[in-house]
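Visitor: model this:
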Amino acid sequence: MERIRTGAAYHGNRILRHVADDMAEMARRNMDVVVHMFSHNDWDRHLGVMSEICKISEYNGLEVWIDNWGIGGPPGDKSHFLQYHPEAHQVYSDGSIDPVSACYNSPAFVAFTKNWIEAVASFGGKKIFWDEPHFKAKGELFSCCCPTCQKLFEEKYGHPMPKEMTEEMKEFRVNSLLTYFDTVCSYAASMGIENSVCVMLHTLDYAKQIMTIPTLNDFGIDPYWHPKSGKRDPYEYVYKSTKQIIAETDALGKQNHIWIQGYDIPHGKEDEIIVAADAAYDAGARTLISWAFRGSESNTYKSECPERAWAATCEAFRRVRSRHFDAIREANFKKFN
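Guide: Numbering: from 1, shown residues only. Presented below is the predicted three-dimensional model:
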């Protein structure tokens, strides 16, 4: 039977004695995966510390994923790459510039990403987690329409880039993502590093094509049911989203994972974390990861009561692990009796 794995994203701390305590707690909770952020600031200031963090995590039996946290734009800490390369900004269809997001077709950004991968390899990273790749949108405006993208579009289609979202524009954006991720995932794979990605559900129509890349090992989604725009039923939303993506990854022979919301949970709604984890497991997910450790207590988007959100997360993961091994025991009992 397929292995069950659980884990959590971890960020906001670079003090090693606290990292050691927290990784030990995750191990005591029978978790298997930790996702560590590696931002541009970490690259500049914490490269040696990241090596120690990986060693501490692995000592506690945790598989380490390294998140490209904000290196080309949200989500994550803002990179200062664009200060050096102002020509690499994503540009909206009205000509305005997105201040924090880099264009996937920028040669400078591709080179920067390769250098970042080399830094990951230098401190012993074994798996990169590409976090929510997407093109920025602002109302009816879309990206990217920078001079580089306009030139590439005209070379491919024989006419200037349109100001509205056409079928050609949709195709161009998909191909832009595929070209970028094929390049960087292949580069990581050449160094013996595995690649995992998670995409947001509202970008799934174009971003899911990334799962076809040969050097992309693992594809996930984050069906967060408590967005700022309104509440969704946790079981229905997580179950249906998970079922869809597992069918598609299974067809391509890819691993998959599902993110369980542990941040921004209103007080009194923490038990919905348990419901959501059950839904993901019922839909076939066997790798469930929480965003994030201890209810994201180190962030402004923390749950209202981080302690209770973390308790619910740990209980949710304990339950699915127990269900999994109960099923194994029952199958073995039937087999030998």
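Visitor: Is it correct that residue 75 is in contact with residue 131?
Guide: Yes - counting by C-beta atoms under 8 Å, residue 75 does reach residue 131; the two are 5.8 Å apart. Backbone N, C-alpha and C define where each C-beta goes, glycine included.
Visitor: who has more neighbours, the two?
Guide: Neighbour comparison, residue 75 and residue 131: the larger count goes to residue 131, with 24 against 15 (by other C-beta atoms under 10 Å).
Visitor: Next, the contact list for the more buried one, please.
Guide: 67-69, 75-76, 197-198 (C-beta atoms under 8 Å, 6 or more residues apart in numbering).
Visitor: let's see it at 10 Å
Guide: Applying C-beta atoms under 10 Å, 6 or more residues apart in numbering, one finds that residue 131 lies in contact with 9, 35, 37, 65, 67-71, 74-76, 196-200, 222, 291.
Visitor: so where is the stretch 201-337 of the chain shaky, pLDDT-wise?
Guide: 228-229 (pLDDT under 70).
Visitor: try it again with 80
Guide: Along the stretch 201-337 of the chain, the parts satisfying pLDDT under 80 run over 227-231.
Visitor: give the contact list for the closest residue to residue 23 other than its chain neighbours.
Guide: Once flanking residues are discounted, residue 23 sits nearest to residue 60: 4.4 Å by C-beta to C-beta, 6 or more residues apart in numbering. By C-beta under 10 Å, 6+ apart, the residues touching residue 60 are 19-20, 22-28, 31, 34.
Visitor: Tell me the buried residues within those.
Guide: Buried by 16 or more other C-beta atoms under 10 Å: 19-20, 22-23, 25-27, 31, 34, out of those.
Visitor: Rebuild those as JSON lines, extending it with distance to residue 84 and pLDDT.
Guide: Converted to JSON lines, those look like this (distance: C-beta to C-beta, whole Å; pLDDT from 0 to 100):
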{"residue": "19", "distance to residue 84": "30", "pLDDT": "98"}
{"residue": "20", "distance to residue 84": "35", "pLDDT": "98"}
{"residue": "22", "distance to residue 84": "34", "pLDDT": "98"}
{"residue": "23", "distance to residue 84": "34", "pLDDT": "98"}
{"residue": "25", "distance to residue 84": "39", "pLDDT": "98"}
{"residue": "26", "distance to residue 84": "36", "pLDDT": "98"}
{"residue": "27", "distance to residue 84": "40", "pLDDT": "98"}
{"residue": "31", "distance to residue 84": "38", "pLDDT": "98"}
{"residue": "34", "distance to residue 84": "31", "pLDDT": "99"}
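Visitor: right, and out of those, which lies closest to residue 238?
Guide: residue 31 (19.2 Å; C-beta to C-beta).
Visitor: how about that closest one, what does it touch?
Guide: Per C-beta under 10 Å, 6+ apart, neighbours of residue 31: 5-8, 23, 25, 60-63, 288-290, 293, 313-314, 317, 321.
Visitor: sec struct for residue 232, please.
Guide: coil (DSSP: H, G, I helix; E, B strand; the rest coil).
Visitor: And for it, nearest residue in space, chain neighbours not counted?
Guide: Closest to residue 232 by C-beta to C-beta, 6+ apart is residue 225, at 4.3 Å.
Visitor: The one you found and residue 236 touch, don't they?
Guide: Yes - at 8.8 Å, residue 225 and residue 236 qualify as touching, with contact defined as C-beta atoms under 10 Å.
Visitor: residue ranges for the strands of the stretch 201-337 of the chain, please.
Guide: 218-221, 255-261, 287-291 (DSSP state E, counting those that start in this stretch).
Visitor: of the ones you listed, which approaches residue 45 most closely?
Guide: Closest of the strands of the stretch 201-337 of the chain to residue 45 is strand 287-291, at 23.8 Å (criterion: C-beta to C-beta).
Visitor: pull the CA atoms of that closest one into CSV?
Guide: The C-alpha coordinates for strand 287-291 follow below in CSV (Å, rounded to 0.1, in the frame of the first residue of the first chain):
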residue,chain,number,x,y,z
THR,A,287,1.0,13.4,0.9
LEU,A,288,-0.6,16.1,3.0
ILE,A,289,1.3,19.2,4.0
SER,A,290,0.2,22.1,6.2
TRP,A,291,0.8,25.7,5.5
